[in-house]
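Participant: have a look at this prediction, sequence included:
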Amino acid sequence: MTDKLKDAKIVFVVGGPGSGKGTQCEKIVAKYGYTHLSSGDLLRAEVASGSERGKQLQAIMQKGELVPLDTVLDMIKEAMIAKADVSKGYLIDGYPREVKQGEEFEKKIGAPALLLYVDAKAETMVKRLMKRGETSGRADDNEETIKKRLDLYYKATEPVIAYYEKCSIVRKINSELPVDEVFAIVEKAIDELK
Ligand SMILES: Nc1ncnc2c1ncn2[C@@H]1O[C@H](COP(=O)(O)OP(=O)(O)O)[C@@H](O)[C@H]1O
Ligand SMILES: Nc1ncnc2c1ncn2[C@H]1C[C@H](O)[C@@H](COP(=O)(O)OP(=O)(O)O)O1
Ligand SMILES: [Mg+2]
């Protein structure tokens, strides 16, 4: 077991593609100094490294599918351990994407104290992603892949929220509002943690 992470404060950030997870995480980092670990960013860094593994990941992500659980969990765990001595808390952004990922995380790392459910309508998410796609350079910010990512979100990821509602750690955040108003809701949820 990972002793170093035994008392870590862990926040899962869950929401559909383009719902605003990364945007809110950035603001949490600025105010609270938490460590932000986005599974998508970690995977894109591996792709950018040009490694053989990165090439396989790229092919999966371009199709809007989920990469193997072990790959993403190992990456997150490694990144968490690297920050264990200085971290005030961890924002785990984009994970879990399916219930099994949550179960494995708890077995190998620990239990989350809070789940921020970043909620926006499908229509809003598509609009934001198409706009983001104009500049993001992301291979998955295109109409066809966005549709697949949304379908997968409703099928595989939404059940994660119901799963964690059982232990009353879910806080639903209305991400239809302007960024700062969304953050005001986020702040309340984080402040309650202390
Ligand atoms: N509350 C908001 N209102 C309007 N646009 C937003 C809001 N939150 C995020 N965005 C925009 O939507 C896009 C997706 O946000 P991002 O944080 O990358 O989402 P995610 O990490 O959930 O995919 C970005 O271009 C971002 O600037
Ligand atoms: N926890 C996870 N399990 C499996 N695949 C993941 C993953 N997190 C990210 N990926 C892969 C599949 C996603 O379609 C892609 C991009 O993820 P992301 O950057 O978190 O997207 P977004 O911020 O738009 O929600 O990376
Ligand atoms: Mg993101």
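Facilitator: Received, thanks. Residues are numbered from 1 along each chain as shown. Ligands and ions are numbered 1, 2, ... in the order given.
Participant: contacts and neighbour counts: CA atoms only from here.
Facilitator: Fine.
Participant: how about low-confidence regions in the protein?
Facilitator: Confidence mapping of the chain against pLDDT under 70 gives the ranges 1-2.
Participant: strands along that one, start to end?
Facilitator: Assigned by DSSP state E, the strands in the chain fall at 10-15, 35-38, 90-93, 114-119, 170-174.
Participant: wait, which of the ones you listed is closest to ligand 1?
Facilitator: With CA to the nearest ligand atom, the closest approach to ligand 1 among those belongs to strand 10-15: 6.2 Å.
Participant: adjacent strands (with direction) for that closest one?
Facilitator: strand 90-93 (parallel), strand 114-119 (parallel) (DSSP bridges).
Participant: I figured Gly16 was touching Met125, is that so?
Facilitator: Yes: with contact defined as CA atoms under 8 Å, Gly16 counts as touching Met125 (7.3 Å).
Participant: which of the two has more residues huddled nearby?
Facilitator: Legend: neighbour count by other CA atoms under 10 Å for Gly16 and Met125, higher for Gly16 (25 against 21).
Participant: with distance to Glu144 added, can I get the strands paired with strand 10-15 in CSV?
Facilitator: CSV is the format used below for the strands paired with strand 10-15 (distance: least, CA to CA, whole Å):
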stretch, distance to Glu144
strand 90-93, 23
strand 114-119, 22
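Participant: can those go into CSV with extra columns for distance to ligand 2 and mean neighbour count?
Facilitator: CSV is the format used below for those (distance: least, CA to the nearest ligand atom, whole Å; neighbours: other CA atoms under 10 Å):
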stretch, distance to ligand 2, mean neighbour count
strand 90-93, 7, 23
strand 114-119, 10, 22
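Participant: show me which residues of the chain are close to ligand 2?
Facilitator: With CA under 6 Å from any ligand atom as the criterion, the chain meets ligand 2 at residues 16-18, 39-41, 61, 64-67, 69, 72, 94-97, 149.
Participant: and this protein, which residues reach ligand 1?
Facilitator: Applying CA under 6 Å from any ligand atom, we find that the chain lies next to ligand 1 at 17-23, 128-129, 132, 175-179.
Participant: which of the residues you listed lies closest to Arg53?
Facilitator: Pro17 (23.5 Å; CA to CA).
Participant: how about the contacts made by the closest one?
Facilitator: By CA atoms under 8 Å, 6 or more residues apart in numbering, Pro17 lies in contact with 125, 129, 146, 149-150, 153.
Participant: Ala45 too?
Facilitator: Neighbour list for Ala45: empty [criterion: CA under 8 Å, 6+ apart].
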